[in-house]
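A.B. asks: Show me how the following folds:
(one chain, ligands or ions: 2)
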Amino acid sequence: LQRDVLHGACSGIGLSLCERLLSQDTEGLQLCLACRNMRKTQAARSPSCRWTPAASHPRGHVVDVYFMCSVYNRLDYLYLNAGIMPNPQVDVKAFFRGLFSSKIIAMFATGEGILTQKDCVTTDGLQDVFATNLFGHFLLIRELEPILCHAGRSSQLIWSSSSNAHRSAFNLDDIQHRRDTQPYSSSKYASDLLSLALNTHYNKQGLYSSVICPGFVMTNLTYRILPSFPAFLWTLLMPLFWLIRIFTNTFTLTPYNGAGALFWLYKQRPESLDPQAKYHSLTSGLGNNYTRPSKMDIDLETSAALYEKLLQLESRNTQHPEK
Ligand SMILES: NC(=O)C1=CN([C@@H]2O[C@H](COP(=O)(O)OP(=O)(O)OC[C@H]3O[C@@H](n4cnc5c(N)ncnc54)[C@H](OP(=O)(O)O)[C@@H]3O)[C@@H](O)[C@H]2O)C=CC1
Ligand SMILES: CC(C)CCC[C@@H](C)[C@H]1CC[C@H]2C3=C(CC[C@]12C)[C@@]1(C)CCC(=O)[C@@H](C)[C@@H]1CC3
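C.D. replies: Numbering: from 1, shown residues only. Ligands and ions are numbered 1, 2, ... in the order given. Reported below is the predicted structural model:
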């Protein structure tokens, strides 16, 4: 029996991953969809799946861990997929400059230099993007540690990161990205660093961590980039996007294609994976899907420093009598 938890499974890439997992391996799979909206969770439920709703905290940052630990005594996979990119703004000038420069392919593949966001502060006093894309996942891992680490078996953490993760957006003195306008990029770079630190700390206990990028996928997250643009107009742009895909295989476009790397990792032995690699979902011009690793621009020293900062923030924000 395989036991998986999917955090952020009610729409987009997470929902598609559920469908893919269930269509391949319904027999031995127990899936737990950790969503903040129970109505959506019900809708995502498949009758063929042994399924457990994990009620989230009302604001959705923390899954009901007590419930989880009482239902499961062991977890094999934890997908850390939930993520937000609030109030995205496209720098139109930079976009057109990019179109006529040698960086055009990189711009379409990573969105570097053309996308900013307006973040807000949660009632806990944390930056929302940091709390959702990184810190909430970190707390979840720490809370689920007893059922993730078990002798003689390996478990996997799988992060939905992004090729938009850039070292230049991240600052160790401002890990929440309070002072700048690229919180999404910063949080994704931080998840790449954290994954490396988790491997350093937990591999001995059989827990492994990997990161993926789903590519550019049409989901609620990307529809918000042009909010005045109704969804059907995005659909009209599809032929243009298929054309761009001939030049950059990162335009995976559908949640099914985007979930490719998440699904691929499910079938790998975690011990065989490279902790410094990001696994990309890619789709060729002809529509074929495949997964490829690329080396991440991260280092052990920065990842260890971030890990320490997250532990400090955890002790300020939560109570861990037994830790
Ligand atoms: N689409 C793209 O092009 C890319 C996406 N990604 C990453 O892939 C992941 C999935 O995104 P995608 O499917 O595109 O976007 P969606 O907006 O469709 O899905 C995001 C999921 O995260 C959930 N979520 C958001 N905030 C919280 C929270 N505080 N607590 C619990 N759940 C939460 C959402 O729940 P709800 O439905 O309740 O809002 C939703 O199920 C994200 O991490 C994103 O950054 C990375 C690169 C590219
Ligand atoms: C003709 C079209 C209207 C042009 C659209 C241009 C841009 C809005 C997109 C081009 C590349 C896109 C992209 C992302 C957002 C939208 C674009 C900048 C992401 C940054 C979305 C989130 C991610 O995590 C990245 C992997 C995406 C990279 C590509």
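A.B. asks: For the closest residue to ligand 2 within the stretch 151-300 of the chain, pull up the helix or strand it's in.
C.D. replies: Using Cβ to the nearest ligand atom, Ser162 is the residue of the stretch 151-300 of the chain that sits closest to ligand 2, at 3.2 Å. In short, each C-beta sits where N, CA and C put it, glycine included. Using DSSP states H and E, Ser162 falls within no helix or strand.
A.B. asks: Look up the closest residue to Ser161, ignoring the ones flanking it.
C.D. replies: In space, and not counting its chain neighbours, Ser161 is closest to Val211: 4.1 Å by Cβ to Cβ, 6 or more residues apart in numbering.
A.B. asks: again, but for Asn317
C.D. replies: Asp124 (6.4 Å).
A.B. asks: number of nearby residues for that neighbour?
C.D. replies: Counted with other Cβ atoms under 10 Å, residues neighbouring Asp124 total 12.
A.B. asks: Report the secondary structure state of it.
C.D. replies: Here Asp124 is recorded as coil under DSSP: H, G, I helix; E, B strand; the rest coil.
A.B. asks: Ser191 versus that one, what's the distance?
C.D. replies: When Cβ to Cβ, to the nearest Å is applied, the distance between Asp124 and Ser191 equals 19 Å.
A.B. asks: And for Val90?
C.D. replies: For Val90, the distance to Ser191 - Cβ to Cβ - is 23 Å.
A.B. asks: got the residues of this structure near ligand 2?
C.D. replies: 90, 108, 110-111, 114-115, 162-164, 213, 216, 222, 225, 237, 240 (Cβ under 6 Å from any ligand atom).
A.B. asks: do that again at 5 Å, thanks
C.D. replies: Val90, Phe108, Gly111, Ser162, Ser163, Asn164, Phe216 (Cβ under 5 Å from any ligand atom).
A.B. asks: The fourth one touches Cys213, doesn't it?
C.D. replies: Yes. Using Cβ atoms under 8 Å as the test, Ser162 is close enough to Cys213 to be in contact (5.3 Å).
A.B. asks: Contacts only, for the residue in the stretch 51-200 of the chain positioned nearest to ligand 1.
C.D. replies: Residue nearest to ligand 1 within the stretch 51-200 of the chain: Gly83 (2.2 Å; Cβ to the nearest ligand atom). Each residue near Gly83 by Cβ atoms under 8 Å, 6 or more residues apart in numbering is listed here: Gly8, Thr132, Asn133, Ser160, Ser187, Leu221.
A.B. asks: Using PyMOL, define a selection of the buried residues within those.
C.D. replies: Buried residues among the contacts of Gly83 (16 or more other Cβ atoms under 10 Å), as a PyMOL selection:
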select buried, resi 8+132+133+160+187+221
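A.B. asks: Tell me where this protein has helices.
C.D. replies: Using DSSP state H, the helices found in the chain span residues 12-24, 38-44, 65-71, 92-99, 104-110, 128-130, 136-148, 183-202, 220-223, 231-236, 238-247, 255-258, 260-266, 300-317.
A.B. asks: got JSON lines for those, with distance to Gln30 and mean pLDDT too?
C.D. replies: Listed next are those as JSON lines, based on distance: least, Cβ to Cβ, whole Å; pLDDT from 0 to 100:
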{"stretch": "helix 12-24", "distance to Gln30": "11", "mean pLDDT": "91"}
{"stretch": "helix 38-44", "distance to Gln30": "15", "mean pLDDT": "61"}
{"stretch": "helix 65-71", "distance to Gln30": "9", "mean pLDDT": "70"}
{"stretch": "helix 92-99", "distance to Gln30": "45", "mean pLDDT": "95"}
{"stretch": "helix 104-110", "distance to Gln30": "36", "mean pLDDT": "96"}
{"stretch": "helix 128-130", "distance to Gln30": "31", "mean pLDDT": "98"}
{"stretch": "helix 136-148", "distance to Gln30": "13", "mean pLDDT": "94"}
{"stretch": "helix 183-202", "distance to Gln30": "22", "mean pLDDT": "98"}
{"stretch": "helix 220-223", "distance to Gln30": "27", "mean pLDDT": "92"}
{"stretch": "helix 231-236", "distance to Gln30": "34", "mean pLDDT": "83"}
{"stretch": "helix 238-247", "distance to Gln30": "36", "mean pLDDT": "95"}
{"stretch": "helix 255-258", "distance to Gln30": "23", "mean pLDDT": "98"}
{"stretch": "helix 260-266", "distance to Gln30": "14", "mean pLDDT": "97"}
{"stretch": "helix 300-317", "distance to Gln30": "28", "mean pLDDT": "96"}
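A.B. asks: got a list of what Glu145 touches?
C.D. replies: Going by Cβ under 8 Å, 6+ apart, Glu145 touches no other residue.
A.B. asks: And for Thr250?
C.D. replies: Phe108, Ala109, Thr110, Ser163, Cys213, Gly215, Phe216, His280, Leu282.
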